[in-house]
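**Q** Sequence and predicted structure are below.
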There are 2 protein chains.
Amino acid sequence: MTIAFEISGYDGAARLGRLATAHGSVDTPAFMPVGTAGTVKAMLPDNVAATGAQVVLANTYHLMLRPGAERVQRLGGLHRFMNWPGPILTDSGGYQVMSLAGLRKMSEQGVTFQSHIDGSSWDLTPERSIAIQHALGADITMAFDECTSYPVEKDEAAASMRLSMRWAARSKTAFVPRPGHGLFGIVQGGVFPDLRAESAAALREIGFDGYAVGGLAVGEGQAPMFDVLEALGPLLPADRPRYLMGVGKPADIVGAVLRGIDMFDCVLPTRSGRTGQAFTRRGTVNIRNARHQDDPRPLDETCACPACRSYSRAYLHHLWRAKEMLGRMLLTWHNLAYYQDLMRGLRQAIGGGALDSWRAAFAAAESEGNIEPLSVDHS
Amino acid sequence: MTIAFEISGYDGAARLGRLATAHGSVDTPAFMPVGTAGTVKAMLPDNVAATGAQVVLANTYHLMLRPGAERVQRLGGLHRFMNWPGPILTDSGGYQVMSLAGLRKMSEQGVTFQSHIDGSSWDLTPERSIAIQHALGADITMAFDECTSYPVEKDEAAASMRLSMRWAARSKTAFVPRPGHGLFGIVQGGVFPDLRAESAAALREIGFDGYAVGGLAVGEGQAPMFDVLEALGPLLPADRPRYLMGVGKPADIVGAVLRGIDMFDCVLPTRSGRTGQAFTRRGTVNIRNARHQDDPRPLDETCACPACRSYSRAYLHHLWRAKEMLGRMLLTWHNLAYYQDLMRGLRQAIGGGALDSWRAAFAAAESEGNIEPLSVDHS
């Protein structure tokens, strides 16, 4: 194995673990802030680390187009370029090519697409995706896959999954194993249990350092997502990290951890922070709401982040009305701190064998205060 | 005197001093970052302080309209509201009312104007301006004045200056003296030496804790500005701080310090930071320029700010092209650090009696490298 993963404890299906990469360790369950274009938006890397984040995600699609993977490599790699000395996971570009690029053409070989920046034409194949992630210097490289759209007919989901499995094998062949660097495969198959099982078996046959679950949180809802995770539980290697891609809301993460997931990423905390929505232990707060304009309280009295330690809701509301960048900076920081606190709480609960009571308290507090419902946008 | 000012050394007309306010001391010559709406744009207050800034400026006009001075007062005052524990200087609102507000009506009593936010009608008088600054909790309050436009005929400049002097007397009457809080008068009179002398005499007669020079850096150019400062030198109380409002470019500040100015404020470092221009010891750098895209060097090799310590020009250029907030954050930080380093250098040179050689080295380095001229916008 090129990436070590040690599981130190269980609470039911939930696992307490540690992933060791070339750029440091990651305590799991872990949430990875998204640094799409080589920056976690509105945050200095030191501050991302201060929230407790140990690993960030960066996007192959965005970085290959701008500034270019080989440019980043010439400049010393992505860690140095973006000043993040810790572990970096890069996605494969597959998801973005499917969801962001306007014009694209699929073949067995790969995808040809047009850049959303200037319309120029690009190719992405399993081999090219792996080479780009290598050039960037990713600690964790993701296999190149096709993210099936939702809803989809079963035969289309099957064909898409099987293409992804052939691409997974080519990704494995293209990947250059080296200490502290690993390659993760991605289970596809939509909401169809037999397709998911087929996909998991295909990936195990190829052999990966970790197993991701893709194609969820695309509109199917929480219950079908949890069903997929439960069905996959016994089908994935027990000793390897499990990563649920693009998830999600706090309650999604809690439920997925209960079902054995070790790693998460999502734009929700950072994107919500930039649009005025804060996650708190008592539900979400929309700081744009005028009812905050005279409120001397912090966003969340139990949070130790700078936004909560030093600023009132009234001030944060003022920053919003005045369109001041500091508002987006502070809410992003708070949301990332909230997510890391959530993961820390989950890890402590698993370690203490107290996950059931922790989960009950989490659900009670969240539902009690949830007076400003969050509009979730997973795109 | 409600604000102590001690001068510990001279080099020619330049002064090394310290201002003591209710919220701490300020070493002079000092540059005050501008926190218009209760935030130095794109910066956390801790980071503003980390650059070496000891005092910030906030704008009466913006804060009276939004969130409202009395609201800030109810929330514990501006220091607490914006989380800046150090000294705060507030302007009087006069300059903004003249330059920002579309519709305004002047009278002996004051100004009636319409908010640029929602068109609502507001009054500003010397008494109201002082009351607002009191409500905000300013350490240094500015007298309410009319900032004469430029160019202007002499008789209009004279009438405007004399109105400002009557408003200065009313500002003094309205001001509530208390330890560590001071009121500064503002010399007006355009580029006319006799009007400036008349204004200085009028202010001395009223008596202020400090003396500001207003109505410069409005398009008259550097030489006429320096002429006004030289002429004012002997006309202002030697033992009181002197503040040149809204200035300026680094070379303007150096020249003004040489002519006895102790305090400065300007939006230039913050605004330039948000538009991609960086001040360096070898002139300005426009990070948007494509020639930086492969440049592994920092903005300024001799700068210790986070932008220069940890990021390449290539990365900063990338952030600009990708429209990432972090680019504006880092360039703002760098520019504020540059300005504070400039002031520190000036203070050390004055303290060491080496201002002449310091100034020569500054001018040589700046002109040598100035290959990306800065378009200065004082508005």
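**A** Now that the structure is in, tell me what you want to look at.

**Q** Please report the distance of the closest residue to A:R74 other than its chain neighbours from A:G68.
**A** Beyond its immediate neighbours in the sequence, the residue positioned closest to A:R74 (C-beta to C-beta, 6 or more residues apart in numbering or on different chains) is B:D294, lying 7.0 Å away. For the C-beta atoms, the positions are set from N, CA and C on the backbone; glycine is no exception. Here the criterion is C-beta to C-beta, to the nearest Å. By it, B:D294 lies 10 Å from A:G68.

**Q** cool, and A:T21?
**A** Between A:T21 and A:G68 the distance, using C-beta to C-beta, works out to 24 Å.

**Q** next one: A:G182
**A** For A:G182, the distance to A:G68 equals 24 Å [C-beta to C-beta].

**Q** neighbour-wise, which of the two wins?
**A** When neighbours are counted by other C-beta atoms under 10 Å in any protein chain shown, A:G182 and A:G68 differ, and A:G182 comes out ahead with 27 against 16.

**Q** isn't A:M98 right next to A:D145, touching?
**A** No. Checked against C-beta atoms under 8 Å, the pair A:M98 and A:D145 is beyond contact range at 9.4 Å.

**Q** more neighbours, these two?
**A** The neighbour count for A:M98 versus A:D145, taken as other C-beta under 10 Å, is higher for A:D145 (31 against 19).

**Q** Could you list the residues of chain A in contact with chain B?
**A** Where chain A comes near chain B, counting by C-beta under 8 Å from any C-beta of the partner chain, the residues are A:37-39, A:41-46, A:62, A:66-67, A:71, A:74-76, A:81-83, A:293-294, A:296, A:306, A:310-312, A:314-315, A:317-319, A:321-322, A:324-326, A:328-330.

**Q** which among those residues end up buried?
**A** Buried residues within these, counting neighbours by 16 or more other C-beta atoms under 10 Å in any protein chain shown: A:37-39, A:41-45, A:62, A:66-67, A:71, A:75, A:81-83, A:293, A:306, A:310-312, A:314-315, A:317-319, A:321-322, A:324-326, A:328-330.

**Q** Helices - which of the residues you listed land there?
**A** If you go by DSSP state H, those have A:45, A:62, A:71, A:81-82, A:306, A:310, A:314-315, A:317-319, A:321, A:325-326, A:328-330 in helices.

**Q** Just the buried residues of the helix or strand in which A:E205 is found, please?
**A** When secondary structure is defined by DSSP states H and E, A:E205 falls within helix A:193-206. Burial within helix A:193-206, assessed by neighbour count using 16+ other C-beta under 10 Å, is assigned to A:L195, A:R196, A:A197, A:E198, A:S199, A:A200, A:A202, A:L203, A:R204, A:I206.

**Q** what's it packed up against?
**A** Applying 3 or more C-beta pairs under 8 Å, 6 or more residues apart in numbering or on different chains; DSSP states H and E, one finds that helix A:193-206 contacts helix A:154-174, strand A:182-187, helix A:222-232.

**Q** tell me the angle it makes with strand A:182-187.
**A** Following axes from the mean of the first three to the mean of the last three C-alpha atoms, to 10 degrees, one obtains 160 degrees for the angle between helix A:193-206 and strand A:182-187.

**Q** Would you mind writing the CA trace of helix A:193-206 as CSV?
**A** Below are the C-alpha coordinates for helix A:193-206, written out as CSV (Å, rounded to 0.1, in the frame of the first residue of the first chain):
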residue,chain,number,x,y,z
PRO,A,193,-27.9,-2.0,-5.6
ASP,A,194,-26.7,-4.6,-8.1
LEU,A,195,-24.9,-2.1,-10.2
ARG,A,196,-23.2,-0.7,-7.0
ALA,A,197,-22.2,-4.2,-6.0
GLU,A,198,-20.8,-4.9,-9.5
SER,A,199,-18.9,-1.7,-9.4
ALA,A,200,-17.4,-2.4,-5.9
ALA,A,201,-16.3,-5.8,-7.0
ALA,A,202,-14.7,-4.5,-10.1
LEU,A,203,-12.7,-1.9,-8.1
ARG,A,204,-11.6,-4.5,-5.5
GLU,A,205,-10.4,-6.7,-8.4
ILE,A,206,-8.3,-3.8,-9.7
